Each structure stands twice: as C-alpha cells, then as structure tokens.
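Novice: Structure of the sequence below:
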Amino acid sequence: MSLWAKSQSDQWEEPIQTVISEMQRVAPVMQQLTGIQNRLQKGAVAVEELMSRKRREFRDEMEAERKELTAEKAAAMGEIRKEREKLEEQKKAMEGVYKFQSSKIKLDIGGTKFTTSLETLCSEPGSMLEAMFSGRHKLIQDEDGYYFIDRDGTHFRYILNYLRDGIVKEGCLPSDPQIVKELEVEADFYQLQGLLKFLEGRGLPAVPQDDVDSCFRSKACTFYSQNGSLLQGSWVAKKQVTYKFKNLSGLDFSSRKFTYGASFVGSILRKANFRNSLLTNVDFTNADLRDADFENSNLSGRACFTGAKLDGARFSPGIKEQLGLH
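Specialist: Model prediction:
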C-alpha cells in the first residue's frame with residue numbers, strides 16, 4: 001500500500017469506528033422501537049376487533065329490542081282489535097235488543113198467548129210467518145193487540161225457540177215420538193223447512209235391515225209387475241209385515257213378495273228400495289216415501305198411499321196415474 005493510501009485509510013478509520021459504535025449503541029433502541037410498533041399494531045387490531053364485536057352486539061341488541069317492541073305493539077293492537085270487535089258485538093247486540101223491543105209482537109195461538117219480536121217471526125225466509133209479518137199483508141189485531149192464529153199452541157214454544165236461535169239445540173226437543181210427530185205437523189203448517197229437515201225421522205225408532213229380513217224367508221218366486229212383465233223374486237213374507245211409526249229410511253225391500261200384506265203407517269221410508277216387489281195390501285198411509293224407488297213393482301193389490309209424501313219417489317211409467325197419485 002502506498003503512503004497516500006495508508007494515510008487515507010487512517011484518516012477514515014476513526015469516523016467509521018465512531019459510526020459503527022454509534023450504530024451498535026442505537027441497535028437495541030431500534031429493536032425496542034420495533035417491538036413497541038408491533039405491540040401497537042397488535043393492540044390496534046385487537047381494538048378494531050373489540051369495536052367490531054361491540055358494534056355487532058349493539059346491532060343485535062337493537063334488533064332484538066325492535067322485534068320485542070314490534071311484538072308488543074302487535075299484541076297491543078290485537079287486544080285493541082279484540083276490544084273493538086267486542087264493542088261492535090255489544091253494539092250489534094244492543095241494536096238487536098232495540099229492534100226486538102221496538103218490534104214486539106203479541107200472538108194468540110189457539111188461545112195460548114206468546115210475546116216475541118218481528119225479527120224472530122221473519123227470521124226464516126219463505127216461511128208462512130215471514131210472509132204474514134213481512135208487511136205485504138194486512139193483519140188484524142184484537143182489542144188487546146194480539147194476532148190470532150188458529151192452531152194448537154201446545155208446541156209453539158219450540159217453534160219460537162227454533163226461530164230465535166236459528167238452530168235446534170240438542171236436548172231441547174221432547175223425546176216422545178208422538179210429540180215430535182205433532183211438532184213436525186206444526187212445522188209443516190208454518191213452512192219452516194229448516195225445522196222440518198231436522199225433525200225428519202227423529203223420535204222414531206230406527207229399524208235395522210236384519211230385522212226386516214227376518215220377516216221374510218229366502219225363496220225363489222215369480223210374479224208379474226203391474227205392467228205385466230214377469231218378475232223373479234228372492235224373498236217371501238212369513239207373515240204380515242208391520243212397521244208403524246218407524247224409521248226405515250234407505251232400507252232394502254226389493255225383490256220381495258208381501259204375501260200377507262204390510263203396514264207402514266206413519267213411518268219414514270225415504271230412499272227405501274221397493275223395486276221388483278209384489279206389494280199386496282200394503283198400507284203407506286201418512287208415510288214419508290220421498291225418493292223411494294217403486295220401479296217395476298206391482299202395486300195393484302189395494303196399496304194405500306193416503307197422506308203419503310211422494311216427492312221424488314220413482315214409479316214405472318203410468319203407474320202413478322193408475323193409482324190416482326199426483
């Protein structure tokens with residue numbers, strides 16, 4: 001090395017050593033600062049996560065509180081609605097009471113006195129009572145203000161209760177079949193179709209098919225229909241068949257030979273099947289034969305249909321005219 005180079009090296013050695021010393025002294029401080037920076041960054045992340053969690057918790061709490069308030073509001077509105085409906089019902093009830101009070105009607109049914117309302121008497125459209133008190137007809141009152149109807153008033157309270165309620169409540173009608181029949185007659189007079197429908201067959205004991213079959217023996221037999229065609233029967237009566245005031249609706253009397261006659265006086269025989277049968281001396285007086293089937297049967301042997309209900313009953317062509325039925 002030349003003297004100049006050595007001189008230059010010696011000249012820079014001391015500053016360089018100074019710098020190195022200084023850097024060695026500062027290095028721990030820099031490491032410490034770097035550690036502090038790392039901790040600050042971690043702290044900032046932790047703070048951000050904490051703030052985010054708190055924001056979520058706050059939003060969840062607000063949403064839960066909103067839902068709770070909404071539910072409380074809905075419940076309160078429901079209660080208010082119920083109270084309003086209750087008030088409306090009370091208002092209607094009071095209006096009804098006012099109508100009843102302002103339209104009071106006094107009736108004399110065959111000597112038995114009743115007091116009711118115009119609303120009640122007109123509650124079933126198409127009934128005789130609705131027609132009477134509709135205002136379309138002039139009615140006469142006696143000196144005490146009663147309207148007289150010449151009917152037996154014994155069962156009229158049942159009529160009024162039906163009109164008041166619009167239905168027949170179970171247990172509110174007599175169980176005696178004779179009284180039920182009398183009530184049915186009154187319902188028919190007043191043309192109360194709803195009550196008639198309810199009363200049909202009620203109070204009359206129902207007869208099972210096995211009971212009917214026990215009156216016959218299984219035996220092949222032949223006879224002629226009223227139109228002259230040959231019929232093949234399967235049952236022959238053992239004795240006179242007697243079912244007075246019974247409920248025989250829907251039972252099967254088809255292909256039977258009533259050798260000794262039969263009595264169905266006052267019985268319910270709706271939709272009963274008498275097809276292909278020989279009905280000799282059979283009495284259907286006052287029987288309900290609506291929708292019964294007599295097609296291809298022989299009714300020429302003094303069958304009686306006096307007072308019978310025959311709406312919808314089916315006969316072979318020309319038979320009703322032969323029997324004088326309408």
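
Novice: can we go C-alpha only for contacts and neighbour counts from here?
Specialist: OK.

Novice: dump the residue contacts of the spatially closest residue to Asp311 that is not a sequence neighbour.
Specialist: Spatial nearest neighbour of Asp311, excluding adjacent residues (Cα to Cα, 6 or more residues apart in numbering): Arg290 at 4.8 Å. By Cα atoms under 8 Å, 6 or more residues apart in numbering, the residues touching Arg290 are 269-271, 309-313.

Novice: now Arg290, what's its secondary structure?
Specialist: Assigned by DSSP: H, G, I helix; E, B strand; the rest coil, the conformation of Arg290 is coil.

Novice: And the pLDDT at it?
Specialist: Arg290 carries a pLDDT value of 91.

Novice: got it, and Ser117?
Specialist: Reported pLDDT at Ser117 in the predicted model: 91.

Novice: Confirm for me that Ala287 is in contact with Asp311.
Specialist: No - using Cα atoms under 8 Å, Ala287 is not in contact with Asp311; the gap is 11.7 Å.

Novice: who has more neighbours, those two?
Specialist: Ala287 (24 against 13; other Cα atoms under 10 Å).

Novice: Break the chain down into its structural domains.
Specialist: 1-100, 103-199, 205-326 (automatic domain parsing).

Novice: Could you identify which of those is most buried?
Specialist: Burial of the domains of the chain is given as mean neighbour count (mean count of other Cα atoms under 10 Å); domain 205-326 ranks first at a mean of 18.

Novice: what's the spacing between Ser175 and Asn247?
Specialist: 15 Å (Cα to Cα, to the nearest Å).

Novice: re earlier: would you format the contacts of Arg290 as JSON lines with distance to Lys238 and secondary structure included?
Specialist: Formatted as JSON lines, the contacts of Arg290 follow (distance: Cα to Cα, whole Å; DSSP: H, G, I helix; E, B strand; the rest coil):
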{"residue": "Leu269", "distance to Lys238": "21", "secondary structure": "coil"}
{"residue": "Arg270", "distance to Lys238": "24", "secondary structure": "coil"}
{"residue": "Lys271", "distance to Lys238": "24", "secondary structure": "coil"}
{"residue": "Lys309", "distance to Lys238": "28", "secondary structure": "strand"}
{"residue": "Leu310", "distance to Lys238": "28", "secondary structure": "coil"}
{"residue": "Asp311", "distance to Lys238": "31", "secondary structure": "coil"}
{"residue": "Gly312", "distance to Lys238": "31", "secondary structure": "coil"}
{"residue": "Ala313", "distance to Lys238": "27", "secondary structure": "coil"}
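
Novice: mind giving me TSV with the residues you listed and columns for distance to Glu61 and pLDDT?
Specialist: What follows is the contacts of Arg290, written out as TSV (distance: Cα to Cα, whole Å; pLDDT from 0 to 100):
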residue	distance to Glu61	pLDDT
Leu269	73	92
Arg270	70	90
Lys271	70	93
Lys309	76	89
Leu310	76	91
Asp311	74	89
Gly312	73	92
Ala313	75	94
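
Novice: Out of the domains of the chain, name the one with the poorest average pLDDT.
Specialist: domain 1-100 (a mean of 76).

Novice: check contacts around the residue nearest in space to the middle of the chain.
Specialist: For the chain, Ile167 is the residue whose C-alpha lies nearest the centre (Cα atoms, centre = their mean; 13.2 Å). For Ile167, the contacting residues are Leu195, by Cα under 8 Å, 6+ apart.

Novice: And what about it, helix, strand or coil?
Specialist: Classification of Ile167 by three-state DSSP places it in coil.
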